[in-house]
Every structure is written in C-alpha cells, then in structure tokens.
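Enquirer: A predicted structure for the sequence below; I have some questions about it.
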Amino acid sequence: MTYQETLDYLFSQLPMYQRIGQAAYKAGLDNTISLSEYLGRPESRFKSIHIAGTNGKGSVAHMLASILQEMGLKTGLATSPHLKDFRERMRVMGQAVPRGEVVDFVSKHRDFLEELKPSFFEMTMAMTFDWFSRQDLDFAVIETGMGGRLDSSNIIHPELSVITNIGLDHTRFLGGTLREIAAEKAGIIKQGVPVLIGKKQKEVQDVIECRAHAMSAPLYYAEDLFSLGNASTNDRGLEIEVKDSDGTRSKYLCGLHGNYQQENIRTVLAAVSLLNGMGKLDIDRGAVSRGLERVVSNTGIRGRWQRIGDSPGIICDTAHNTEGMRYVVKQLKEIGFERLHIVFGMVDDKERIPLLELLPRDALYYFCRPSVPRGLDAGVLAEDAHSLGLKGEVYGSPEKALAAAKSIATARDLIFVGGSTFVVSEVL
C-alpha cells in the first residue's frame, strides 16, 4: 500500500473519535494492553514525561520537547489530534514519523489489527510506542488524548506526570462535573512518580491530592515554584517575567504568541525545575531559553494564536471549549483593529451556547461546518448565534467562509478563525 492508501485504510477500518465522535470511544485499556503485549511492551523501552489536562497540555508538551532537544537529548513527542497530516502525531527531534514507517507498521500488523479492532487512537499510540522504542530516545514527551485514567497513553511509567488544569470538556465521557473530570485526569498519577499540577483549583484540589496520596506520589503545584510577572507580546512571541521560590527573577521569550501561554510557560519551568531537582536531568537555563524561543521551529507546533495573514490580519487558534475561548476573546479585545471578522465552526458534541455567549457581539460572523462527520451544521450554529445577538451568514466550508471574510475585510480589520481544531486545520 502507498502512504495515502494506508491512511484511507486506517480511517475506514478503525473508528476515529476526532471524525465520528462518541461511536469511536472505547473505554478501558484492554485493547491498548493487548497491543502492547503483542508488540513486546515497547513503551517500557524509553523514559517519558506524561501530560494530561483540559487545556494547554499540547503547548506544554511541545515546549518541554523543544527544551529537551536544545539540551541535545534525542527527544520523542507524541500529541493529538493532527492538524494536516497524521504523521504530526509522532515526532523525533521535531521530525514527523516517516511515511514508510506508517505503511510498514500497518502492513506488518494488519491481521492482528483487524482481529483486535482497536480504535484509531489505540492503534496510533501502539504505533507511536513501537516507533519510539526503536529510536534510541533519551526522553519522550507523551500527551494524553482524552482524560487520563483510561487513555491509551496511560500504560507508560513516566519520570514525571503533569496535569495542566481541569475544565469542563468531553463531559459525555469524563463526567459532567469538574470533580469527576479531575478524577479521570488524575488517573495518570503512578505509584511513586512525582506529579506537577499546572493550576491550583480549589474545586478539585482534594480529588487530585487524594489520588497522589494513595499512590505515594510527591505532589507539586507550579504556582508554588514560580510566580508570574509582567508579560507582553511582540512579533517574536510572548515575553514573560517569572520569579522562582527563592525570589530570583528571570525573563523568557516564547515563540508562541497567545497570552494564555503564561500559565503553560510557568508549568514548563516548574517541570524543568522538578526534573533537575530529582536528578533525572540537568537542564541549564540556556536550553530553557532557547527551547521556549524556538518551540515552533523545533517541534512544528501550529494553530496556537497563529498569525496566517496580514492586511487584513488573520489569526487562528484551536481553542474549542469555554476555558480556552475565554482567553482568546480576552486577547482579541486587546488588539487594535477597525472591525473584527470571525470565521467560526464547531463539532456537534460540544456545548455551544456557553461558548457562543463568550463571543463579542460587535463582530461580523462567518459560520461554517468543518468537514468531518462530527461537524455541526452551520445553519444550526448560526441560529443559536443569532439568538444571542451574533450577526453573520452561513458558508459551505471554512475555506469559503475565510474567503468571504477576506473579500469584505479592509486592511485595518482583523479576521479570527476558530471554534474547532478542524476549522483551523482546514484553513492552514
């Protein structure tokens, strides 16, 4: 099979949550464990850092991987979903898995895959661990897909576990309250493995602390290790000042432009501090500084407050829940422009009213449906938006919606593209 034929086979044979939603979700680790045993437990052959959380886990994963790369460590990075190419999900030193590796894995193990019938994500993690195990890695940074306790990545035994924050997302699968979701994400905490919490939240603190205590896992909070100071954005990224627990002040430039990255940067700095303090690594400040500044070129991260056009300015962001969108709207209000145009689409299993309520009323909207089976009908989205005072028209696709916005916007206007990872994917 060619690479494209292999992808077509995977998409047709294995249920993929990002495309079809709930029907693809398989609760439990039975398939993952079966795949691991069949492949000879590849996840046990490299050191790792495991990252979960409602928002920010992808950014934290990319930043940590970039820093490890700047230390000269051979680093693997596993993230999801992909924006353009399946191979984005697994990288070594910033380079995506070769197409031949994907083809060979499926060809070699096709009979077993068809017998087991894993989900797309279960197969993807098995492929990732198998490839990583043959790369002589110094470290791998592994992002969970959804939740934690039953996530297919949760068979690793990492050097450090990280939970960025807890918010209301994927409630059909993880629970309808913050405490239920926290319990699922705290499921990545392993026996004796230190765990870092990116954001201290009173509503769920005892849930996480109870799990850490039960697992004899040392627990740390990023804000106890570092405090945030002044921050500003420029053409190069986000400049931020931090102070550590000893009172030492430092400044860093991060190549990502979103103001919401401040908490993520603090989490990354705390993770580095813990890894150094545990004797797992010896990461110097220069590597941290270079890793943060070069995160885009080192890891290929895209879709996080990414500017993709000028005159008019065009910015896209993958924020797709209320916590993430709240930060995005705040930053939009801080930018100077004449008029705001928003290209917006969602998937059908998200709570759309709470998210729509956050959006600015004075923008002009271009509603669209991302081209995945989960995509929410743009007419339904527009009807809900109109009921909340958001004005705009319906377009046949994100590309057509963006083209319409560009045809109307002046050079002094701003176009924002978002609402769903898939909307961003289609315009990149």
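Expert: Structure received.
Enquirer: most centrally placed residue in this protein?
Expert: Centroid-nearest residue in the chain: Gly58, 3.0 Å away (criterion: CA atoms, centre = their mean).
Enquirer: I'd like the next helix or strand past the helix or strand of the chain with the lowest mean pLDDT.
Expert: Here the helix or strand of the chain ranked lowest by mean pLDDT, DSSP states H and E is helix 17-20, holding a mean of 43. Next in sequence after helix 17-20, counting helices and strands by DSSP states H and E, comes helix 30-39.
Enquirer: model confidence over that following helix, on average?
Expert: What helix 30-39 shows for mean pLDDT is 96.
Enquirer: now that helix, how far from the chain's geometric center?
Expert: Relative to its chain's centre, helix 30-39 lies at 25 Å (CA atoms, centre = their mean, to the nearest Å).
Enquirer: what are the contacting residues of it?
Expert: For helix 30-39, the surrounding residues in contact (CB atoms under 8 Å, 6 or more residues apart in numbering) are 42-43, 109, 112, 116-119, 122-123, 125-126, 129-130, 152, 154-155. All C-beta atoms are positioned from the backbone trio N, CA, C, and that covers glycine.
Enquirer: what about Ile208, helix or strand, and which?
Expert: For Ile208, the element it lies in under DSSP H and E is helix 205-214.
Enquirer: sheet partners, orientation included, of the helix or strand that that helix is followed by?
Expert: Sequence-wise, the next helix or strand downstream of helix 205-214 (DSSP H and E) is strand 219-221. Strand 219-221 sits in its sheet next to strand 195-197 (parallel), going by DSSP bridges.
Enquirer: let me see the mean pLDDT of the partner strand.
Expert: Averaged over strand 195-197, pLDDT sits at 98.
Enquirer: begin at 386, not 1, for the rest of this chat.
Expert: Shifting the count to begin at 386 puts that one at strand 580-582.
Enquirer: quick one, which of the contacts of helix 415-424 are buried?
Expert: Listed as buried from the contacts of helix 415-424 are 427-428, 494, 501, 503-504, 507-508, 510-511, 514-515, 537, 539-540; burial here means 16 or more other CB atoms under 10 Å.
Enquirer: residue contacts, Gly709?
Expert: Neighbouring residues of Gly709 by CB under 8 Å, 6+ apart: 440, 552, 645, 702-703.
Enquirer: with Gly583 instead?
Expert: Neighbours of Gly583 in contact, by CB under 8 Å, 6+ apart: 438, 441, 445, 547-550, 607, 648-649, 651-652, 655.
Enquirer: likewise for Thr513?
Expert: Contacts of Thr513 (CB under 8 Å, 6+ apart): 461, 463, 474-475, 482.
Enquirer: let me know the secondary structure of it.
Expert: Secondary structure assignment for Thr513 (DSSP: H, G, I helix; E, B strand; the rest coil): helix.
Enquirer: ok, now how distant is it from Arg495?
Expert: 18 Å (CB to CB, to the nearest Å).
Enquirer: before we move on, the earlier item: show me which pair in the buried ones among the contacts of helix 415-424 is furthest apart.
Expert: Using CB to CB, the pair of these lying farthest apart is His494 and Asn539, separated by 21.2 Å.
Enquirer: pretty sure Pro603 contacts Val580?
Expert: Yes: Pro603 is in contact with Val580 according to CB atoms under 8 Å; the separation is 7.3 Å.
Enquirer: okay, and the common contacts of those two?
Expert: Taking CB under 8 Å, 6+ apart as the contact rule, Pro603 and Val580 both touch Ala597.
Enquirer: tell me which of those two has more neighbours.
Expert: The neighbour comparison of Pro603 against Val580 (other CB atoms under 10 Å) goes to Val580, with 26 against 14.
Enquirer: ok, for the more buried one, nearest residue in space, not its chain neighbours?
Expert: Spatial nearest neighbour of Val580, chain neighbours left out: Ser546 (4.3 Å); criterion: CB to CB, 6 or more residues apart in numbering.
Enquirer: pretty sure that neighbour sits in a strand.
Expert: Yes: remark: Ser546 belongs to a strand, assigned using three-state DSSP.
Enquirer: how close does it sit to Ile452?
Expert: For Ser546, the distance to Ile452 equals 18 Å [CB to CB].
Enquirer: how about Met710?
Expert: Plainly put, Met710 is 28 Å away from Ile452 if you go by CB to CB.
Enquirer: between those two, which is the more surrounded one?
Expert: Legend: neighbour count by other CB under 10 Å for Met710 and Ile452, higher for Ile452 (28 against 21).
Enquirer: before I go, just wanted to say thanks for your time.
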